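# can you look at this prediction? I've put the sequence above it.
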Amino acid sequence: MRTFELSGRKIGPDDPPFVIAEIGINHEGDMAKAKRMVDDAKDAGCECAKFQSHVVDDEMIPNDVVPGNAKESIWRIMERCSFDEAQERELKAYVESKGLIYLCTPFSRAAAVRLENMGVTGYKIGSGECNNTPLISHIASYGKPVILSTGMNDVNSVTPAVAVLRAAKVPFALLHCTSMYPTPYEKVRLGGITVLKEAFPDALVGLSDHSLGNYTCFGAVALGASILEKHFTSDKTWPGPDVPISIDPTELRELVQGSKAIWQATGASKEILAEEAPTIAFAYASVVTIKDVAAGEPLSMENVWVKRPGTGEIRAADFEKVLGKRAGRALPKNAQLSWKDVA
């Protein structure tokens, strides 16, 4: 189950990294902004645009808690930024009309019900809900693939969520994540990807990243990440708590292209390729004479050595096998030796 599909797109170790443009609430409740970010994600070559579904009164009680990356309460932010069901349906239709995969994170049971009624292809669950097993169980009951971020959790606290997903027999992915905005590079801890792979061998793994730029995502691909999630905005001058840690269209294009290139380069074999033959022909060295050699003359460091090209029969690696033997015939200077020349 370490591979699955979203809208026909195969996701797994044998497929290019699946890049998620996390638009989230960067639209600040403005549909025109949301659609522009979809357009820009499409133009950047991204396959997936992801949003957040907030049914505020089912998600939280009224509160004055201010997130570390904001200046107003989470209640006020979500009241301002949330779309209603009609708007979310409009946005899903728009995303899919552009040929992109629509994903959306439900932050409550009511939001999950809404998304299921909308016919989403799978679910992304945020780090804050990683240990919310009642909500995870509800979402898993739909039988669709689940991508679960694991910020603010360790292996022990992720384990119950994985048990719920396994019991529901849904394919799932675990995204390593550090819930700091932005995340300093020394706190990203890419080794967490390897930890998740080893602790949950039936899980697809990836990175939900809050550091600046794309460096850590590129490193994650080399460690086996099949899914990469980054906050995305069309314009870094727009307001919004997640905009300062978001990548822009140029960076998103670089992420899509760069992650695919690194994935293509991660083959684990070490062998000589047939395609290297033209380079071998000039780059290898062959055993050659460095002066005229008479027939029967001993071959020594004084009259033979190794020089390019590598087109001779006796390569440099076999030089020691030639020393002490005798020339089978007279040889001119700079002649490539063959075994029939060695008596």
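Looks like it came in fine. Residues are numbered from 1 along each chain as shown.
# helices of the stretch 1-150 of the chain, residue ranges please.
Per DSSP state H, counting those that start in this stretch, the stretch 1-150 of the chain carries helices over the ranges 31-43, 56-59, 74-81, 85-97, 109-118, 133-140.
# redo those helices as TSV? Include distance to T178 and mean neighbour count.
The way it works is simple: take the backbone N, C-alpha and C, and place the C-beta from them, glycine included. As requested, the helices of the stretch 1-150 of the chain are exported to TSV (distance: least, CB to CB, whole Å; neighbours: other CB atoms under 10 Å):
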stretch	distance to T178	mean neighbour count
helix 31-43	24	19
helix 56-59	23	17
helix 74-81	19	17
helix 85-97	28	16
helix 109-118	25	19
helix 133-140	20	19
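# which stretch in these has the least confidence?
Taking each of the helices of the stretch 1-150 of the chain in turn, the lowest mean pLDDT turns up on helix 74-81, with a mean of 89.
# which among the helices of the stretch 1-150 of the chain is found nearest to A317?
If you check each of these against A317 by CB to CB, helix 31-43 wins as the nearest, at 52.2 Å.
# check the offset of the closest one from the chain's centre.
Per CA atoms, centre = their mean, to the nearest Å, the displacement of helix 31-43 from the mean C-alpha position of its chain is 22 Å.
# rebuild the helices of the stretch 1-150 of the chain as a markdown table, extending it with distance to T279.
Written out in a markdown table, the entries for those read as follows (distance: least, CB to CB, whole Å):
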| stretch | distance to T279 |
| --- | --- |
| helix 31-43 | 38 |
| helix 56-59 | 60 |
| helix 74-81 | 56 |
| helix 85-97 | 46 |
| helix 109-118 | 54 |
| helix 133-140 | 52 |
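# which one, of the ones you listed, ends up nearest to R326?
Distance to R326, taken as CB to CB, is lowest for helix 31-43 among those, at 71.8 Å.
# if we can go back for a sec, among the helices of the stretch 1-150 of the chain, which is nearest G324?
Of all the helices of the stretch 1-150 of the chain, it is helix 31-43 that lies closest to G324, at 68.8 Å by CB to CB.
# coming back round to it: nearest to E320, of the helices of the stretch 1-150 of the chain?
Distances from E320 to each of these were compared using CB to CB; the shortest belongs to helix 31-43, at 60.4 Å.
# need the contact partners of stretch 33-48.
Stretch 33-48 is touched from outside by 6, 9, 18-21, 23, 26-27, 49, 51, 83, 91, 94-95, 98-103, 232-234, 238, 249-250, 252-253, 256-257, with contacts defined as CB atoms under 8 Å, 6 or more residues apart in numbering.
# just stretch 3-21 next, same as before
With CB under 8 Å, 6+ apart as the contact definition, stretch 3-21 has outside contacts at 2, 37, 41, 44, 46-50, 101, 103, 121-122, 124, 145, 171, 173, 204, 206, 221, 224-230, 232, 252, 255-256, 259-260, 263-264.
# shouldn't V288 be in contact with P309?
No - taking CB atoms under 8 Å as the definition, V288 is not a contact partner of P309, at 10.0 Å.
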